[in-house]
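[1] Sequence below, structure please.
(2 chains)
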Amino acid sequence: EAAVTQSPRNKVAVTGGKVTLSCNQTNNHNNMYWYRQDTGHGLRLIHYSYGAGSTEKGDIPDGYKASRPSQENFSLILELATPSQTSVYFCASGDAGDTQYFGPGTRLLVL
Amino acid sequence: GDKVKQSPSALSLQEGTNSALRCNFSIAATTVQWFLQNPRGSLINLFYLVPGTKENGRLKSAFDSKESYSTLHIRDAQLEDSGTYFCAAVPNTGYQNFYFGKGTSLTVIP
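    Numbers count the residues shown, from 1 in each chain, chains lettered A, B, ... in the order given. The predicted model follows:
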């Protein structure tokens, strides 16, 4: 099974600060995804990528940037964090036509 | 509106009983995935489906793309089945973005 790791696992940030969430996968999947999970909304797709160098907007990309410098790594960047971005963030990887594998999640609190 | 609607939103089951969870899609879905989020927050893959059925132990899932729904049947519910069940659908747009439902919170009671 694919191994997807995320760092940090917990983060406290200040409003207006920059936050970078990192994701690493070791199963050579082409596709990687960033979701946020909030009560009452389930998981919502922020950004995704089809491979190194590619990033695509998901359903709720505003306020977020993404970076895919390599096959293994996919970062989510909050340039100016706001309290509304307090959430649990999940990274996932997978290949077209196959299941997604999720990381353990990152709890972000923006004060 | 929601592209994937799950029902019920919450459910309590006596240990040893059976139940079914459902997802209805307002998109033309090509594949469906079912997950369990356990009380620690981890997302566990249960099924990945093209139209048809799959079974794994006490769990069975079906996906009907023509009628735009999927079901997850739990047989002989156990305490460790407690958690939140999510379904996610991939639309037939050619892109691999998944749309998630809001989940069904299941509590199995001894």
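
[2] And for residue 12, nearest residue in space, chain neighbours not counted?
    In the absence of a named chain, this looks at chain A. A:L109 (4.9 Å; CB to CB, 6 or more residues apart in numbering or on different chains). Quick note: C-beta positions are derived from backbone N, CA and C, even for glycine.

[3] not quite, I wanted chain B
    B:S12's closest residue in space is B:T107 (CB to CB, 6+ apart), at 4.8 Å.

[4] rewinding a little: show me the residues around the residue nearest to A:V12 that make contact.
    Listed by CB atoms under 8 Å, 6 or more residues apart in numbering or on different chains, the contact set of A:L109 reads A:11-13, A:86.

[5] try it again with 10 Å
    Listed by CB atoms under 10 Å, 6 or more residues apart in numbering or on different chains, the contact partners of A:L109 are A:10-13, A:81, A:83, A:85-87.

[6] Going by residue numbers, what spans are strands in chain B?
    Remark: strands assigned in chain B by DSSP state E are B:4-7, B:10-14, B:19-25, B:29-37, B:43-49, B:52-56, B:59-64, B:69-74, B:83-91, B:99-100, B:104-109.

[7] what about the residue nearest to B:I44 when sequence neighbours are not counted, distance to B:L43?
    With sequence-adjacent residues excluded and distances taken as CB to CB, 6+ apart, B:I44 is closest to B:L36, at 4.7 Å. Distance of B:L36 to B:L43, given as CB to CB, to the nearest Å: 8 Å.

[8] so what's in contact with those two at the same time?
    B:83-84, B:86.

[9] Give me the buried positions along the strand or helix carrying A:L21.
    Element membership for A:L21, per DSSP states H and E: strand A:19-25. Residues of strand A:19-25 classed as buried: A:19, A:21-25 (neighbour count, 16 or more other CB atoms under 10 Å in any protein chain shown).

[10] What is that strand packed up against?
    strand A:4-7, strand A:10-13, strand A:31-38, strand A:65-67, strand A:73-78, strand A:87-94, strand A:106-110 (3 or more CB pairs under 10 Å, 6 or more residues apart in numbering or on different chains; DSSP states H and E).

[11] With B:S65 as the reference, name the closest of those strands.
    Closest to B:S65 of the helices and strands packed on strand A:19-25, according to CB to CB: strand A:87-94, at 19.7 Å.

[12] The closest one near chain B anywhere?
    Yes. Looking at strand A:87-94 against chain B by CB under 10 Å from any CB of the partner chain, the contacts come from A:88, A:90, A:92, A:94.

[13] Same list (the contacts of A:L109) but as JSON lines, adding pLDDT and neighbour count.
    Shown next, in JSON lines, are the contacts of A:L109 (pLDDT from 0 to 100; neighbours: other CB atoms under 10 Å in any protein chain shown):
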{"residue": "A:N10", "pLDDT": "97", "neighbour count": "9"}
{"residue": "A:K11", "pLDDT": "97", "neighbour count": "17"}
{"residue": "A:V12", "pLDDT": "97", "neighbour count": "13"}
{"residue": "A:A13", "pLDDT": "97", "neighbour count": "18"}
{"residue": "A:A81", "pLDDT": "97", "neighbour count": "21"}
{"residue": "A:P83", "pLDDT": "97", "neighbour count": "11"}
{"residue": "A:Q85", "pLDDT": "98", "neighbour count": "18"}
{"residue": "A:T86", "pLDDT": "97", "neighbour count": "16"}
{"residue": "A:S87", "pLDDT": "97", "neighbour count": "20"}
